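> curious how this folds, go ahead:
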Amino acid sequence: MYPRATAPRSAVVVGAGMVGLATAWHLQEHGVQVTVLDRSGVAAGASWGNAGWLTPGMAMPLSDPSLWSYGAKALLDPAAPLHIPARLDPELWAFLARFAAHATPRAWSKAMAALTPIDQMALEAFDELTAAGVQSETRKGPFIIGFESAAQSVPFTREISHVEAAGQSVPLTELRDAQAKVPQLSDNVSTVFSMEGQRFIEPGPFVQALADSVLARGGRIVTGAEVRSLRHGPAGIAVETYASDPVTADVVVLATGAWLPALAKPLGVRTSVRAGRGYSFSVATDEPAEFPIYLPARRVACTPYQGRLRIAGTMEFRGPDEPLQTGRIRAILDSVRPLFTNMDLDNLQDIWVGPRPVTPDGLPLIGATRSPGVFVAGGHGMWGIVLGPATGKLLAEQIMTGRVPEQIRQFNPLR
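So this is what the prediction gives:
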């Protein structure tokens, strides 16, 4: 930890996704000279092709009590949204056992209480970025939540009521003539809600705009720089890559998403992080899509994207660098085909897979490691986009003052 008198003057942030760039941006707010390193490029991991939902009202623990019934069925159904490949992988099965152990009402409520404070500041953190010159925008909903029957909607509305009980306001209103408002929904979607108070972005362009702002403020972004080790020395912490000379700084932030364990585990971060891979693609619609659409029973999230509709889904537990599995795309298409109309589901563009960093307890890892001057920011699961700017703001405060903000106290990487 650094008392204010010896606050760092330079930092290396490893990872150029939303979380890493937001941390770099907020460190710049404190006058720190920042270099961002990334193995591939800006928004190249989980940031580019996700749904881009800024939905703090839905940023909740992934492991919930429904896992005990739904997860068992998913293991037997290769087309299920939750996909676990049949392979001998002791570390994966140990992770899944810990993940399932948190699928209890008590554990869910405890994790939701820990997430609520950062959820509550999420949208304001985006406003801070755009007001200070990040040349992108957030868009308001409403979000359209569709079900095939009233009974099918009960688990979702119950879950939202628990989020509200934890301290958020998530207004839901049932729509009586949903197809007139959202012509992309077929008549098979019989029960529809409008959810207010949330926003969405085009994630790739927003993250690129954030990178441009970091550069404009004097930062440096180096792509194609895969970090292999950290080494402490008299001049600071040397960040060594495979392709270029080391970069030395006073502090280092590891924000490498699903690849976090490779660098963080030797520094005392023992909480497992696994890649929960999501898939997406875009389709043309007869009429422009105006609103995000969520089909909870199918675990599919859709977002207006550059004149098309981005369709995203699946939680696939494979390695972050494994090839895209075309069967997952087919499974998403098969699940939504009866629920959509007035769109071309046979001409897919922007096909993408990205690894979301999932922890067993549903809480991110934000804060100091056991190695002096080295911090981590990751493990947000599906919520790295919405919680990224708030994470960067709070972690920068901890780095500069040595005090852990209350909103991230429960996310100690050494827990």
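> regarding this protein, what is its longest helix?
Determined from DSSP state H, the single longest helix within the chain is helix 384-401.
> now for it, which elements pack on it?
Where contact means 3 or more C-beta pairs under 8 Å, 6 or more residues apart in numbering; DSSP states H and E, helix 384-401 is packed against helix 18-29, strand 53-54, helix 105-120, helix 122-131, strand 251-254, strand 365-368, strand 374-378. In this view, the C-beta of every residue, glycine as well, is placed from N, C-alpha and C.
> residue 58 against residue 198, yeah?
Yes: contact criterion C-beta atoms under 8 Å: residue 58 and residue 198 qualify, at 7.4 Å.
> for residue 380, see how far away residue 318 is.
Distance of residue 318 to residue 380, computed by C-beta to C-beta, to the nearest Å: 19 Å.
> of those two, who's got more company?
Set residue 318 next to residue 380 and count neighbours by other C-beta atoms under 10 Å: residue 380 wins out with 30 against 22.
> so where is the stretch 301-415 of the chain shaky, pLDDT-wise?
Filtered on pLDDT under 70, the stretch 301-415 of the chain yields no residues whatsoever.
> what's the straight distance from one end of stretch 256-274 to the other?
Start and end residues of stretch 256-274 are separated by 12 Å (C-alpha to C-alpha, to the nearest Å).
> now do the buried residues in it.
For stretch 256-274, the neighbour count (16 or more other C-beta atoms under 10 Å) marks 256-261, 263-264, 267, 269, 271-274 as buried.
> tabulate those in CSV, adding columns for secondary structure.
CSV is the format used below for those (DSSP: H, G, I helix; E, B strand; the rest coil):
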residue, secondary structure
256, coil
257, helix
258, helix
259, helix
260, helix
261, helix
263, helix
264, helix
267, helix
269, coil
271, coil
272, coil
273, coil
274, strand
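> farthest pair in those?
267 and 274 (18.4 Å; C-beta to C-beta).
> measure residue 110 to residue 334 for me?
Residue 110 is 36 Å from residue 334, by C-beta to C-beta.
> how about residue 386?
28 Å.
> what's the local residue count around residue 79?
13.
> correct me, but it touches residue 334?
Yes: Residue 79 is in contact with residue 334 according to C-beta under 8 Å; the separation is 6.5 Å.
> what's the residue in the chain sticking out farthest from the centre sitting at in phi/psi?
Going by C-alpha atoms, centre = their mean, the residue of the chain most distant from its centre is residue 234, 36.2 Å out. Per-residue torsions, residue 234: phi -60, psi -20 (degrees, to the nearest 10).
> same check, this time on residue 226
The phi/psi pair for residue 226 (degrees, to the nearest 10) is phi -80, psi 120.
> got the contact list for the residue lying closest to it once chain neighbours are set aside?
In this structure, residue 226 finds its nearest non-sequential neighbour in residue 39, 4.0 Å apart by C-beta to C-beta, 6 or more residues apart in numbering. Shown in contact with residue 39 (C-beta atoms under 8 Å, 6 or more residues apart in numbering): 224, 225, 226, 227, 256, 259.
> skipping adjacent residues, who's closest to residue 256 in space?
residue 15 (4.5 Å).
> give the contact list for the one you found.
Residue 15 touches 36, 37, 38, 45, 253, 254, 255, 256, 257, 378, counting by C-beta under 8 Å, 6+ apart.
> so the first one versus residue 20, what's the distance?
When distances are taken as C-beta to C-beta, residue 36 and residue 20 turn out to be 6 Å apart.
> who's more crowded, the two?
The residue with more neighbours, out of residue 36 and residue 20, is residue 20; 34 against 27, by other C-beta under 10 Å.
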